[in-house]
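Engineer: Dropping a prediction and its sequence here:
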Amino acid sequence: MAEVIIVPSAAAAGVLVADEIVKLVSARPDAVLGLATGSTPMPVYEALRSRLTGVDVSQVRGFALDEYVGIDPHHPESYRSVITKEVVEPLGLDPDRIQTPNGALETISHAGDDYERAIAAAGGIDLQILGIGTSGHIGFNEPGSSFASRTRVKTLIEQTREDNARFFDSVDDVPMHCITQGLGTILSARHLFLLAFGEGKARAVAGAVEGPISSSLPGSAIQLHEHVTVVIDEAAASQLEHADYYRYAFANKPAWQGL
C-alpha cells in the first residue's frame, strides 16, 4: 500500500518532498524528474529554491506530465511556459534537458510515441511528482483511462476544464484536448509522490488510497505501484478511514527506511 504522510500544511509537504529530491540529485546528478504543474506542486518547487543551493543541477533531466493540444508553447498557460517559469528558471535547470509533450497539431499523431521513446532513452523517470484532480484524475488521465495507457491525446471533461479556467480568461479558452503521460507511463516511474491539499481533494484522495482500484477513479492506480508516497494536509486527509494509522506508522517509522 502507499505510504500516507499527513502534514500540517502545504508548505511542510513541499519541504518534505524537496528534501527527497535533493537527496536524489546529490546521489545521482543526472536524475530524471517527472514534473507536474498547477498549484499543488508549487510548494515543492518553492522549497527547492533554497535547498538546491550548492547542488549541481546541470545534468538533471525532467519530463512534464502533460500539455494542451494546439496551444502555442509560448502561450503563458502552455505547460512548457509554466514549467520554464516555475521550475526551470528558478531552480537553474538546463532547459534543453527538460521536455514537455509536443502538442503541435502538425505532429500530434505520433507525439505520444515520440515522448515515450524520449523517456525510455533517458532511462525512465526516477521520481514522479503528482497532483490529483477533483475527478480523481492524475496527469490528464480522466475517468475511464486504462491503467496500461501510455502517452496519448485525451479529451478533457468539463469538470477539468472548469477547474483550469482560473488560469484563462474563461472556460471557453481552455483547450478541449491534451496530450498526457498515460497511467502505465506514470506507473513505470520508480518513485511516485502524490500531493493533495484542501478539503476539496479529500474525496479523491480517499478513493485513490483506500477505495477499490477502478478506472472510474484513475488515481487509484497508485495502489498498483510498489513505491508510492502520498503527502497531504489534514483537510485532504479528512475522509481517510485509516488516518490515525497513517499518523502512527509515520511517527514510528525507522529512520533508516527513508521515504
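Structural biologist: Thanks, I have the structure now.
Engineer: so where's this structure uncertain?
Structural biologist: Flagging of the chain using pLDDT under 70 yields an empty set of residue ranges.
Engineer: Let me see the ranges of the strands in it.
Structural biologist: 3-7, 32-35, 61-64, 66-68, 98-99, 127-130, 152-155, 177-180, 191-196, 228-233 (DSSP state E).
Engineer: closest to residue 53 out of those?
Structural biologist: strand 32-35 (17.7 Å; C-beta to C-beta). C-beta here means a position set from N, CA and C on the backbone, and glycine is covered the same way.
Engineer: for the closest one, packing partners?
Structural biologist: strand 61-64, strand 127-130 (3 or more C-beta pairs under 8 Å, 6 or more residues apart in numbering; DSSP states H and E).
Engineer: Need the strands of the chain in CSV (columns: mean neighbour count).
Structural biologist: Conversion of these to CSV gives the following (neighbours: other C-beta atoms under 10 Å):
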stretch, mean neighbour count
strand 3-7, 20
strand 32-35, 24
strand 61-64, 23
strand 66-68, 24
strand 98-99, 20
strand 127-130, 24
strand 152-155, 18
strand 177-180, 25
strand 191-196, 24
strand 228-233, 24
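Engineer: Those strands into a markdown table, with extra columns for distance to residue 171?
Structural biologist: Below are those laid out as a markdown table (distance: least, C-beta to C-beta, whole Å):
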| stretch | distance to residue 171 |
| --- | --- |
| strand 3-7 | 32 |
| strand 32-35 | 25 |
| strand 61-64 | 23 |
| strand 66-68 | 14 |
| strand 98-99 | 28 |
| strand 127-130 | 24 |
| strand 152-155 | 15 |
| strand 177-180 | 15 |
| strand 191-196 | 23 |
| strand 228-233 | 27 |
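Engineer: Out of the helices and strands packed on strand 32-35, flag the one nearest residue 47.
Structural biologist: Closest among the helices and strands packed on strand 32-35, using C-beta to C-beta: strand 127-130, at 12.1 Å.
Engineer: Surely residue 145 and residue 151 touch.
Structural biologist: No. Contact criterion C-beta atoms under 8 Å: residue 145 and residue 151 do not qualify, at 11.9 Å.
Engineer: Which neighbours do these two have in common?
Structural biologist: Common neighbours of residue 145 and residue 151 (criterion: C-beta atoms under 8 Å, 6 or more residues apart in numbering): residue 182.
Engineer: more neighbours, the two?
Structural biologist: residue 151 (25 against 22; other C-beta atoms under 10 Å).
Engineer: most residues in a single helix of this protein, which one?
Structural biologist: The residue-count maximum for a helix in the chain (DSSP state H) belongs to helix 10-27.
Engineer: That one: which residues count as buried?
Structural biologist: Within helix 10-27, the residues that count as buried by 16 or more other C-beta atoms under 10 Å are 10, 12-18, 20-22, 24-25.
Engineer: closest one to residue 43 among the helices and strands packed on strand 32-35?
Structural biologist: strand 127-130 (10.8 Å).
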